[in-house]
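[1] Structure here, sequence nowhere to be found:
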């Protein structure tokens, strides 16, 4: 049996640059800030209290010469809480800044 010849593929014709449609760049929608500012600050205060408790627990474990596993667990928990607290503080500041710009 002889080999079948492939059909030549048709190339798509390109449109000249002058006739191409120009795309319009659109602005990204701004993310609406949350309207519950008091709850953000309340959550921040709760996180701050948890950070203080975790710090006290870590200090107490260090003074008791606790095992390294316990110290690592306490340290990791404290760092996690500090990260969450930092995020919440940034959110509160961003919200406060957005309110100032809206009032102007």
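    Nice, thanks for sending it over. Small disclaimer: the values here were computed from a predicted structure and weren't measured.

[2] so residue 82 makes contact with residue 50?
    No: Residue 82 is beyond contact range of residue 50, at 9.9 Å (criterion: CB atoms under 8 Å). Placement of C-beta: from N, CA and C, glycine included.

[3] Show residues contacting stretch 65-77.
    For stretch 65-77, the external contacting residues (CB atoms under 8 Å, 6 or more residues apart in numbering) are 54, 57-58, 61-62.

[4] tell me the average confidence for that stretch?
    Averaged across stretch 65-77, pLDDT comes to 94.

[5] For it, buried residues please.
    Neighbour-count burial for stretch 65-77 flags residue 74 (criterion: 16 or more other CB atoms under 10 Å).

[6] still on that earlier bit, make a markdown table out of the contacts of stretch 65-77 and add secondary structure, neighbour count and distance to residue 69.
    What follows is those, written out as a markdown table (DSSP: H, G, I helix; E, B strand; the rest coil; neighbours: other CB atoms under 10 Å; distance: CB to CB, whole Å):
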| residue | secondary structure | neighbour count | distance to residue 69 |
| --- | --- | --- | --- |
| 54 | helix | 19 | 16 |
| 57 | helix | 15 | 14 |
| 58 | helix | 18 | 13 |
| 61 | helix | 16 | 11 |
| 62 | helix | 13 | 14 |
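
[7] Between those, which sits nearest residue 103?
    residue 54 (37.2 Å; CB to CB).
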